[in-house]
Structures are given as structure tokens and as C-alpha cells.
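Colleague: Sequence first, then the predicted structure, then my questions.
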Amino acid sequence: MSVRVRLTRVGSKKNAIWRVVVADQRSPRDGRSIETIGHYNPQTQPSTVVLDRERLDHWLERGAVPSNTVKKLMRIQPDAPAAGVEAEEAPAPAEEAPAADAEADPSAGSEDDGDQA
């Protein structure tokens, strides 16, 4: 059985929304799938792409082949965290910014001391 990671169309007429699914290569586009691992909505500005990277990596390790469109969607969110997990790297730059300000303040304070003397 050859497994593919591809898109399945859902949504109403002229309002396409796509699910990212793992499916057998021989099944029809909107047919039975093994697992749903995300969705893509091109109607929003900007387009919404949600991928469960943990499950996607799981299937890719086991030999699933992504379609060309899914490869493009993977490039849109290369470092996206797994679904339901918040990124912990975002607060790190915020912590460094006050430290940089603290370093700038003593140098500014020494200049003020020079003006007073």
C-alpha cells in the first residue's frame, strides 16, 4: 500500500477549504482517508495553514509521500509547532530586550555623571 499525504476538498461550492490527509494512493481524492493531519483555507487573508507537525513527521518517517501542494504548504510553516503546543521560543527575545536596556542604562548614567561633575 502506497501512502500519500495530500489534500481533500471540503466546504461548499465556490468556497473550497482543504483538509490535509494521509490516504492510500489508490483511493479517490475525496474518498476514505487514514488520518486527517491538518487543514488549509485559501479564502482567508492571509491563507490559513494548520498542520500537526508531529503526525506529519510520523507519517513521513514511515514512507508516506507528500503531494506537491502539501510540500508547498510545509514550506509556508517550516518550524510550526505541533498542534496544541505553544512555541516556547517566542518569550526568549522579550527577556533579552530588557537586559539590553539595562546595559544601556548604566552607560547612559555614567555620561550623566560626567555632565554633573
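Modeller: Okay, I see it. Owing to the predicted nature of the structure, the values given are computational and were not obtained by experimental measurement.
Colleague: Check the gap between residue 49 and residue 39 for me.
Modeller: Note on residue 49: its distance to residue 39, by C-beta to C-beta, to the nearest Å, is 8 Å. The way it works is simple: take the backbone N, C-alpha and C, and place the C-beta from them, glycine included.
Colleague: Comparing those two, which residue is more hemmed in?
Modeller: Shown here are residue 49 and residue 39; by other C-beta atoms under 10 Å, residue 49 has more neighbours (20 against 17).
Colleague: in what helix or strand does that one lie?
Modeller: Per DSSP states H and E: residue 49 is located in strand 48-51.
Colleague: in the helix or strand just after that strand, what's buried?
Modeller: Where DSSP H and E defines the elements, the next helix or strand beyond strand 48-51 is helix 53-61. Judged by neighbour count (16 or more other C-beta atoms under 10 Å), helix 53-61 contains these buried residues: 53, 55, 56, 59.
Colleague: gap between the second one and residue 12?
Modeller: To residue 12, residue 55 is 27 Å away according to C-beta to C-beta.
Colleague: same question, the third one
Modeller: Here residue 56 is placed at a distance of 27 Å from residue 12 (C-beta to C-beta).
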